[in-house]
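Undergrad: I need the structure of the sequence given here:
(chains A and B)
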Amino acid sequence: EVQLVESGRGWVQPGGSLRLSCEASGLTFSTYAMSWVRQAPGKGLEWVSAISGSGSVTYYADSVKGRFTISRDNSKNTLYLQMNSLRVEDTAVYYCAVNCSGGSCWDNWGQGTLVTVSS
Amino acid sequence: QSALTQPASVSGSPGQSITISCTGTSNDVGGYNYVSWYQQHPGKAPQLMIFDVNKRPSGVSDRFSGSKSGNTASLTISGLQAEDEADYYCCTYAGGVTWLFGGGTKLTVL
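TA: Numbers count the residues shown, from 1 in each chain, chains lettered A, B, ... in the order given. Below is the predicted model:
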């Protein structure tokens, strides 16, 4: 059974930084692309970023490009999201998710971690 | 790129069938056969129900089916059950390695 456990939740002021982690188990981590998807309170889902299995290729939504950095440590089965220059509109539950084999969907999700950006 | 368009809410009685639409453009829904659907119960993580327009992951009931015509994708749930009450989101690959979600549809089982 695949398990994804996010950590790093917290409150930060606008302009601040936060790093999220997602530890995976139950899968050969390095063979799967991974993504972060967020959900603002009471709102819908938004894809944020993705990374290839090796970590050599990364992708970002326009809304976070230049501010967020996705990375992974395959030796630790862990995915990261470094979030800088945070804005109020980045407030959301952040989910890590495993990309489907074909890459077109996410078939396993973490429980989510709440990030609050507020002064 | 704008979010895909879904109805805000749909409802049905137990045993009935409902369909949720998801409308995009020729650059996203209409351009790729990579539409997926997610079920989300309150306070829970999303769960994949349909991928690649009409494929079901193992473990998902065959009461759930997906289709696409032009720029509109659809999720149909037949034989509605109380546990189907949830929010449903469509998603599509939109080129340039980006994905778009719909705004979500709240399904109420009457």
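Undergrad: how close does residue B:94 sit to residue A:70?
TA: 18 Å (CB to CB, to the nearest Å). No exception for glycine: its C-beta is placed from N, CA and C like everyone else's.
Undergrad: for chain A, where's the lowest mean pLDDT among helices and strands?
TA: For chain A, counting by mean pLDDT, DSSP states H and E, strand A:10-12 ranks last in confidence among helices and strands (a mean of 91).
Undergrad: quick one: residue A:58 and residue A:51 touch, right?
TA: Yes: assessed by CB atoms under 8 Å, residue A:58 is found in contact with residue A:51 at 5.0 Å.
Undergrad: Show me where chain B dips below the pLDDT cut-off.
TA: B:1 (pLDDT under 70).
Undergrad: Contacts only, for residue A:10.
TA: Residues in contact with residue A:10 (CB atoms under 8 Å, 6 or more residues apart in numbering or on different chains) are A:18, A:115-116.
Undergrad: Residue A:25 is in contact with residue A:3, isn't it?
TA: Yes: between residue A:25 and residue A:3 a contact is recorded at 4.8 Å, counting by CB under 8 Å.
Undergrad: What about contact with chain A: does whichever strand in chain B runs longest have any residue there?
TA: In chain B, assigned by DSSP state E, the strand with the most residues is strand B:86-93. Yes: Strand B:86-93 lies within reach of chain A by CB under 8 Å from any CB of the partner chain, at B:89, B:91, B:93.
Undergrad: In contact with residue B:50, which residues are there?
TA: Taking CB under 8 Å, 6+ apart, one finds B:35-37, B:56, B:60, B:64-66, B:75 in contact with residue B:50.
Undergrad: same check, this time on residue B:79
TA: Residues in contact with residue B:79 (CB under 8 Å, 6+ apart) are B:15, B:17, B:63.
Undergrad: Repeat that for residue B:33.
TA: B:52-53, B:68.
Undergrad: Nearest to the spatial middle of chain A, which residue is it?
TA: residue A:36 (2.9 Å; CA atoms, centre = their mean).
Undergrad: mind checking the SS state of that residue?
TA: strand (DSSP: H, G, I helix; E, B strand; the rest coil).
Undergrad: Spell out which residues of chain B are next to chain A.
TA: Selection of chain B residues close to chain A by CB under 8 Å from any CB yields B:3, B:32, B:34, B:36, B:38, B:40, B:45-48, B:51-52, B:57, B:89, B:91, B:93, B:97-104.
Undergrad: Whichever of the contacts of residue A:10 end up buried, select them in ChimeraX.
TA: Here is the ChimeraX command that selects the buried residues among the contacts of residue A:10 (16 or more other CB atoms under 10 Å in any protein chain shown):
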select /A:18,115
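Undergrad: possible to save the contacts of residue A:10 as TSV with secondary structure, distance to chain B and pLDDT?
TA: Compiled in TSV, the contacts of residue A:10 are given as follows (DSSP: H, G, I helix; E, B strand; the rest coil; distance: CB to the nearest CB, whole Å; pLDDT from 0 to 100):
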residue	secondary structure	distance to chain B	pLDDT
A:18	strand	20	96
A:115	strand	16	97
A:116	strand	17	97
